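>>> Pasted the sequence and its predicted model underneath.
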Amino acid sequence: MIDLSPWLGLSVVAPLGGGHRNDVYEVRGHDRLVARRTSRSAPALDRELDLMEFLERHGFVVP
């Protein structure tokens, strides 16, 4: 499973299918969420998060 201990109040409900490069899970806290586990490096994740924020600011819907 996935370690969600850094995010208090979240628990894994079940694995989800469809993740080609990452393990994907349904997660519950206050809301229904999706979490993924990846083997990307910290710099690669930082670039991905920057891109997702940029796209969202410009009207794109991002997961």
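Received the coordinates, thanks.
>>> quick one: the strands in this protein?
Ranges of strands in the chain, per DSSP state E, are 11-16, 23-28, 32-37.
>>> Of the ones you listed, flag the one that's most buried.
strand 23-28 (a mean of 16; mean count of other CB atoms under 10 Å). C-beta coordinates here come from the backbone N, C-alpha and C atoms, glycine included.
>>> average model confidence for that strand?
For strand 23-28, mean pLDDT rounds to 91.
>>> Need the contact partners of that strand.
By CB atoms under 8 Å, 6 or more residues apart in numbering, the surrounding residues in contact with strand 23-28 are 1-2, 4, 10-18, 32-37.
>>> go on, stretch 29-47?
Counting by CB under 8 Å, 6+ apart, 2, 4, 7, 9-12, 16, 19, 21-27, 48, 63 sit against stretch 29-47.
>>> Dump the helix or strand of the chain with the lowest mean pLDDT to CSV, keeping only the CA atoms.
Lowest on mean pLDDT, DSSP states H and E among the helices and strands of the chain sits strand 32-37, with a mean of 87. C-alpha atoms of strand 32-37 as CSV (Å, rounded to 0.1, in the frame of the first residue of the first chain):
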residue,chain,number,x,y,z
ARG,A,32,-12.8,11.5,-1.8
LEU,A,33,-9.3,11.8,-3.2
VAL,A,34,-6.8,10.0,-5.4
ALA,A,35,-3.2,9.4,-4.4
ARG,A,36,-0.4,8.0,-6.5
ARG,A,37,3.0,6.5,-5.6
